[in-house]
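# Sharing a model that was predicted from the sequence below.
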Amino acid sequence: MSSTTDRPWPRRLWGGIGAVLTAVVLAACVNPSLAAILQMTWLAGGREPEQIQRTLGDPQDAIWYTGEALQMTFSGQDRDGMELTENLYRVPGDPFTEVTQLDGATAVTTRCGQDCGTLADQELLLPRGSNLHVASADGMYYSVQGDVDVRTFRADVSGSSLSGEEISVRAGEGEVDLTHTALPASLEVRTGRGDISITLPAQEDPRRCTVETEASGEVDVDLGEGAADREDDAEVSCRIALHTGDGDITVTSAPPTPWERD
């Protein structure tokens, strides 16, 4: 996953994340064929929640998301195109969400002014199998079947029904809880502070995985015999590296729940 962090343009997108909400302007700065704004709403003031739903169009090779929602849900579905739902609590001002195309990827960015309201939560529906990259100041939840790349300063990160080959989560602070329905080729999780919990699919023999861990607290890896004996085996097709500066690490296996089965 290191190659994804080397791209210069996501860093530029990150520059718009430091501010906060003051009212709402919804805009799509895109090719006309990409985005159709279904609703544009202004709010003069108050703290009542408001829901805004927009169709963003078809993504390109990857989706990059940058935002300040308290909670973000990313859901891969059998669908064409992306749809964004925002639930807003805000004060007057000019926050907006934009969609752009850059370097063969679709970028969805939520920005806001210096005076802060609150973007309560967002839900982004995207085609099943999409590759998703996330940068966020706050918490998130995602359920996608493509590759996942998450970067966050301070947040609890949870993911379910993950079946991508490459999964990467880096958090400055926060707990990470990931449940997989398919063994990843590469799984890397690093958090400065917080527990890490990984659940792998029992039906795919997770003992094939190598697991490298580094933690200040307890480490419990229970995948059966053989999982810890192949860290230097070049033929291994499932490699897991977990690091927490202050927390515990748990790695287990379980059969998928009924709603996670295809």
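On my side now, so go ahead.

# give me the beta-bridge partners of residue 251?
According to DSSP bridges, the residues that bridge with residue 251 are residue 198, residue 221.

# from now on call the first residue 34
Done: numbering now begins at 34, and the last item shifts to residue 284.

# my guess is it contacts residue 251, does it?
No. At 11.9 Å, residue 284 does not count as touching residue 251 under the criterion of C-beta atoms under 8 Å. In this view, the C-beta of every residue, glycine as well, is placed from N, C-alpha and C.

# and residue 191, how many neighbours?
When neighbours are counted by other C-beta atoms under 10 Å, residue 191 registers 18.

# Show the pLDDT at it.
Residue 191 is assigned 83 on the pLDDT scale.

# now the strands: where do they sit in the stretch 84-233 of the chain?
For the stretch 84-233 of the chain, the strands defined by DSSP state E, counting those that start in this stretch cover 95-100, 104-110, 115-122, 129-135, 138-144, 151-160, 164-169, 173-176, 181-187, 190-195, 199-206, 209-213, 219-224, 229-234.

# can I get the ones you listed in a markdown table with distance to residue 278?
Conversion of the strands of the stretch 84-233 of the chain to a markdown table gives the following (distance: least, C-beta to C-beta, whole Å):
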| stretch | distance to residue 278 |
| --- | --- |
| strand 95-100 | 25 |
| strand 104-110 | 24 |
| strand 115-122 | 33 |
| strand 129-135 | 33 |
| strand 138-144 | 29 |
| strand 151-160 | 28 |
| strand 164-169 | 20 |
| strand 173-176 | 20 |
| strand 181-187 | 13 |
| strand 190-195 | 15 |
| strand 199-206 | 9 |
| strand 209-213 | 12 |
| strand 219-224 | 7 |
| strand 229-234 | 11 |
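
# When residue 284 and residue 251 are compared, which one has more neighbours?
Comparing residue 284 with residue 251 by other C-beta under 10 Å, the one with more neighbours is residue 284, at 22 against 10.

# what sits against residue 226?
Applying C-beta atoms under 8 Å, 6 or more residues apart in numbering to residue 226 gives the contacts 206, 207, 277, 278, 279, 280.

# List phi and psi for the fifth one.
This points to residue 279. Residue 279 has phi and psi values of phi -150, psi 90 when expressed as degrees, to the nearest 10.

# Model confidence for the closest residue to it other than its chain neighbours, exactly?
Nearest residue to residue 279, sequence neighbours excluded (C-beta to C-beta, 6 or more residues apart in numbering): residue 226, at 4.2 Å. pLDDT recorded at residue 226 is 95.

# again, but for residue 141
74.

# Could you do the one 3 residues further on as well?
Here the pLDDT value assigned to residue 144 is 60.

# What of the one 4 residues further on?
Reported pLDDT at residue 148 in the predicted model: 47.

# pLDDT below threshold where in the stretch 34-183 of the chain?
Along the stretch 34-183 of the chain, segments meeting pLDDT under 70 span 34-85, 87, 90-94, 100-105, 120-130, 135-137, 143-154, 169-173, 175, 177.

# Now with 80, please.
Within the stretch 34-183 of the chain, the stretches with pLDDT under 80 are 34-178.

# Which PyMOL command selects the buried ones in the contacts of residue 226?
The buried residues among the contacts of residue 226 can be selected in PyMOL (16 or more other C-beta atoms under 10 Å) with this line:
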select buried, resi 206+207+277+280
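
# Pop the domain breakdown of this structure in here.
34-71+82-178, 189-290 (automatic domain parsing).

# Out of the strands of the stretch 84-233 of the chain, flag the one nearest residue 246.
strand 229-234 (8.5 Å; C-beta to C-beta).
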